[in-house]
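>>> Here is a sequence together with a model predicted from it:
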Amino acid sequence: MIGKNVYQPSVRIGNWFEDMRLEESQVKDFLDKKKNGDLLMQKRAAVIENILKKVELTVVNDGLVHFGNIIQLRCAGDEVPKITGKNRQTSVLAAHCSIDVMSQDAKLAHPCKVTSCRDLIPNVRSCFVITSCDGTPNGQPLRYTQPFYLKTTDSSGGNLFLQSDTFDFTKCAFRTRHQEVLLVPNPSYLAQWRIIYFNPLLRMEYENMPVPANIPVLINHVYTNQNLCVEDEARLIRTVFSMDYEVSVHTYLNSHKAEEEQNHWVIVTAAPGAPIVMRSSQKESIEEAQGDNIVQQPN
């Protein structure tokens, strides 16, 4: 008879009253938290919804990029099909922050990393503000080789600055071991960037010229003189939002000493009276820019 229950199921044994009251209290607390939206699942869902809130890009009438503009940085996918592996798709620069860090203030917060997501719809995590670092007022056009800051939007964006530094064993990209890209709360010389013309043969002629929007350019880190890049399909990183491409600061050169497609970015703005083109290759962007005379070579 040892180890055998000799009581009927209707017989209550042990601290049955305390157990019943404890269970009722737990159910009541759960229902109260659910009603007030205090459950961890509800908080995380609210934070993700807030971070993925749609943001309107700045409308430009002259086709140029200005200080204070809200823009997207888009990298076109692979144009030539790969023999092995998958082609890299078109993606945009986006913030990648831990859900636990975002849950504290319901916004992007430090520490915050950077990836390139395939969701091309402008939202809080994928929109940035062109900010001056030399006192240039908002509304003035950004020029080639002019230093500037890339900052996230206000409120939910957290006002974080895009920054990079020389890599070592303690700070580097997770998979490629290239220079790491982060979002930090305070600007410094490590957060200064500049726009370089994508064609190396005409690069010197375009120095100090206004930067047109919606055409391929290079985003160069001033301190290390390396270019912002999107890694290939094998460098995918799992985030709370999606599977994103890894972003680093590294210059990829082809046999002609020209930057490859991973380093080509498009500063996307909203055109007046026209919808935002969500997917466009670099070749189409160049032909459109030449056809509309957006970029004119100086005499």
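That came through fine.

>>> And the strands in the stretch 151-299 of the chain?
161-164, 181-184, 193-197, 216-221, 228-230, 236-238, 243-249, 264-268 (DSSP state E, counting those that start in this stretch).

>>> Of the ones you listed, which is nearest residue 144?
Nearest of the strands of the stretch 151-299 of the chain to residue 144, taken as C-beta to C-beta: strand 193-197 at 5.4 Å. (C-beta placed from N, C-alpha, C; glycine too.)

>>> How far does the closest one sit from its chain's centre?
18 Å (C-alpha atoms, centre = their mean, to the nearest Å).

>>> what inclination does it have with respect to strand 216-221?
150 degrees (axes from the mean of the first three to the mean of the last three C-alpha atoms, to 10 degrees).

>>> Of all residues in the protein, which one is nearest the centre?
residue 94 (0.9 Å; C-alpha atoms, centre = their mean).

>>> so that residue makes contact with residue 122?
No - judged on C-beta atoms under 8 Å, residue 94 makes no contact with residue 122 at a distance of 10.4 Å.

>>> Is the residue nearest to the centre of the chain within a helix or a strand, and which one?
In this structure, residue 94 sits in strand 91-97 according to DSSP states H and E.

>>> Okay, now the sheet partners of that strand, with direction.
strand 70-75 (antiparallel), strand 112-117 (antiparallel) (DSSP bridges).

>>> ok, so what distance separates the closest residue to residue 270 other than its chain neighbours from residue 69?
In space, and not counting its chain neighbours, residue 270 is closest to residue 57: 4.1 Å by C-beta to C-beta, 6 or more residues apart in numbering. Per C-beta to C-beta, to the nearest Å, residue 57 is found 8 Å from residue 69.

>>> Now do the same contact list for the residue nearest to residue 253 when sequence neighbours are not counted.
Leaving out its chain neighbours, the residue that sits closest to residue 253 by C-beta to C-beta, 6+ apart is residue 259, at 6.4 Å. Contact analysis of residue 259 by C-beta atoms under 8 Å, 6 or more residues apart in numbering lists 198, 200, 218, 227, 251-253.

>>> Mind putting those residues into a markdown table with neighbour count?
Below are the contacts of residue 259 laid out as a markdown table (neighbours: other C-beta atoms under 10 Å):
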| residue | neighbour count |
| --- | --- |
| 198 | 20 |
| 200 | 14 |
| 218 | 21 |
| 227 | 23 |
| 251 | 18 |
| 252 | 15 |
| 253 | 12 |
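
>>> sorry, back to before: let me have the strands of the stretch 151-299 of the chain in a markdown table, adding distance to residue 13 as columns.
Listed next are the strands of the stretch 151-299 of the chain as a markdown table, based on distance: least, C-beta to C-beta, whole Å:
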| stretch | distance to residue 13 |
| --- | --- |
| strand 161-164 | 64 |
| strand 181-184 | 58 |
| strand 193-197 | 71 |
| strand 216-221 | 71 |
| strand 228-230 | 65 |
| strand 236-238 | 48 |
| strand 243-249 | 53 |
| strand 264-268 | 69 |
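
>>> Ok, which of those comes nearest residue 64?
strand 264-268 (9.9 Å).

>>> So what touches the closest one?
Counting by C-beta under 8 Å, 6+ apart, 57, 65, 71-76, 92-93, 195, 198, 211, 213-219, 228, 276, 280, 282, 285 sit against strand 264-268.

>>> distance of residue 116 from residue 129?
18 Å.

>>> related to what we said a few turns ago, and the residue nearest to residue 270, how many residues sit next to it?
17 (other C-beta atoms under 10 Å).

>>> ok, now the one 4 residues further on?
Residue 61 sits with 8 neighbouring residues when counted by other C-beta under 10 Å.
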